[in-house]
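let me see the structure of the following:
(one chain, ligands or ions: 1)
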Amino acid sequence: MNNKRALVTGGNRGIGFAIAQGLLAQGYEVIITARSIDSASKAAEKLSEKAISLELDVSDDRSIDRAIAVLTQQIDRLDVLINNAGIYPDKQVDSLTISRELLNTAMQTNTFGVIQMVQACLPLLEKSADARIINVSSGMGALDSLTTTATSYSLSKLALNGATVMLSQSLKAKNIVINAMCPGWVRTDMGGASADRSPEQGADTAIWLATEASHSETGKFWRDRKVISF
Ligand code: NAP
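Purely as a prediction, here's the structure:
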């Protein structure tokens with residue numbers, strides 16, 4: 001154990017599961033959150049008896065508050081927050097046909113959920129001497145890759161990147177760093193079977209940002225351990 005603690009949202013499957021696995025392998029104590037406690041517990045059991053499981057829906061403030069209250073009874077410090085949970089709800093829509101409801105659904109989970117998670121975890125993160133937040137974003141949120149057939153997803157990740165910049169400004173005085181990263185195209189339920197990367201490859205840059213990257217790096221967008229354009 002290296003005595004450091006990380007929380008991974010949506011850690012029950014896909015890239016989040018691989019991030020949790022990688023951090024556990026480096027001796028981190030890992031808290032896996034998922035919308036269903038059964039799913040979180042099953043993933044934790046599969047990974048390690050040291051993994052903690054927690055029910056948390058990032059689109060629901062009451063669920064976030066409940067989960068962090070429970071967590072605060074178990075731990076007094078958090079070193080790493082990985083905002084990985086995400087959805088891709090666009091199906092057969094584009095910017096001319098998408099509903100407000102679908103836009104709202106994507107933003108609530110992919111963008112606003114992240115801001116609320118940062119706020120809720122702040123008291124625990126402030127107790128760490130090396131606090132790091134990593135937002136799992138997407139190249140589809142980069143200005144030169146916005147995609148009309150994925151309007152809600154693209155827009156929510158564009159906004160997530162913007163939130164990362166703003167949060168980095170607000171967190172500087174607290175010595176907490178925050179970065180966004182793109183995992184590439186990854187074979188998960190979201191990415192599909194044809195994607196060119198394994199979940200472990202997709203998890204690599206998030207794990208590196210959480211463990212090895214210089215603590216001076218903040219407010220940037222990364223892929224393959226290199227800065228990319230927003
Ligand atoms: P995935 O296999 O579909 O997993 C998504 C995870 O997010 C699941 O654990 C899911 O939990 C969780 N989640 C969804 N809505 C949630 C909510 N409201 N509250 C809490 N958890 C929620 O997707 P993935 O490919 O691993 O994606 C992980 C992250 O990588 C996402 O942010 C995604 O946008 C990003 N990304 C993926 C790719 C790719 O090619 N796969 C590319 C670029 C970026 P449940 O089991 O409860 O549904």
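
list the contacts of the residue located most distally from the centre of the chain.
When distances are taken from the C-alpha mean of the chain, Leu96 lies farthest, 29.2 Å away, according to C-alpha atoms, centre = their mean. When the contact criterion is C-beta atoms under 8 Å, 6 or more residues apart in numbering, Leu96 has no partners at all. C-beta: built from backbone N, CA, C; applies to glycine.

okay, and it sits in which element?
Of the helices and strands defined by DSSP states H and E, none includes Leu96.

distance-wise, check it relative to the ligand.
23 Å (C-beta to the nearest ligand atom, to the nearest Å).

what of Arg187?
Arg187 sits at a distance of 7 Å from the ligand (criterion: C-beta to the nearest ligand atom).

give the helix, strand or coil label for the closest residue in space to that residue that isn't next to it in sequence.
In space, and not counting its chain neighbours, Arg187 is closest to Ala195: 4.4 Å by C-beta to C-beta, 6 or more residues apart in numbering. Using DSSP: H, G, I helix; E, B strand; the rest coil, the structure places Ala195 in coil.

need the longest helix for the chain.
When the chain is parsed with DSSP state H, its longest helix is helix 151-171.

what does this protein put close to the ligand?
9-10, 12-16, 34-36, 39, 57-59, 84-87, 109, 136, 138, 182-183, 185-186, 188-191, 195 (C-beta under 6 Å from any ligand atom).

tell me the contacts of the closest residue in space to Gln169 that isn't next to it in sequence?
Counting by C-beta to C-beta, 6+ apart, Gln169 lies nearest to Gly219, which is 7.1 Å off, once chain neighbours are set aside. Each residue near Gly219 by C-beta under 8 Å, 6+ apart is listed here: 164-165, 168-169, 178-179.

one more time with 10 Å
Taking C-beta atoms under 10 Å, 6 or more residues apart in numbering as the criterion, Gly219 is in contact with 161, 164-169, 171-172, 177-180, 230.

tally of neighbours for Tyr88?
Look at Tyr88: counted by other C-beta atoms under 10 Å, it has 18 neighbours.

hmm, it is touching Ser156, no?
Yes: assessed by C-beta atoms under 10 Å, Tyr88 is found in contact with Ser156 at 9.3 Å.

overlap of the contact sets of these two?
Joint contacts of Tyr88 and Ser156 (C-beta under 10 Å, 6+ apart) are 106, 110, 138, 140, 150.

from those residues, pick the one nearest the ligand.
Ser138 (3.7 Å; C-beta to the nearest ligand atom).

show me the contacts for the closest residue to that closest one other than its chain neighbours.
Leaving aside its sequence neighbours, Ser138 sits nearest to Lys157 (C-beta to C-beta, 6+ apart; 4.4 Å). Residues near Lys157 by C-beta under 10 Å, 6+ apart: 86, 88, 106, 110-111, 135-142, 145-146, 150, 180, 182.

and the residues you listed, which of them are in strands?
If you go by DSSP state E, the contacts of Lys157 have 135-136, 180 in strands.

which residues touch Ala131?
Counting by C-beta under 10 Å, 6+ apart, Ala131 has contacts 77-81, 121-122, 124-125, 171, 174-178, 215.

with Gly139 instead?
145, 147, 154, 157, 182-185, 221, 223, 228-229.
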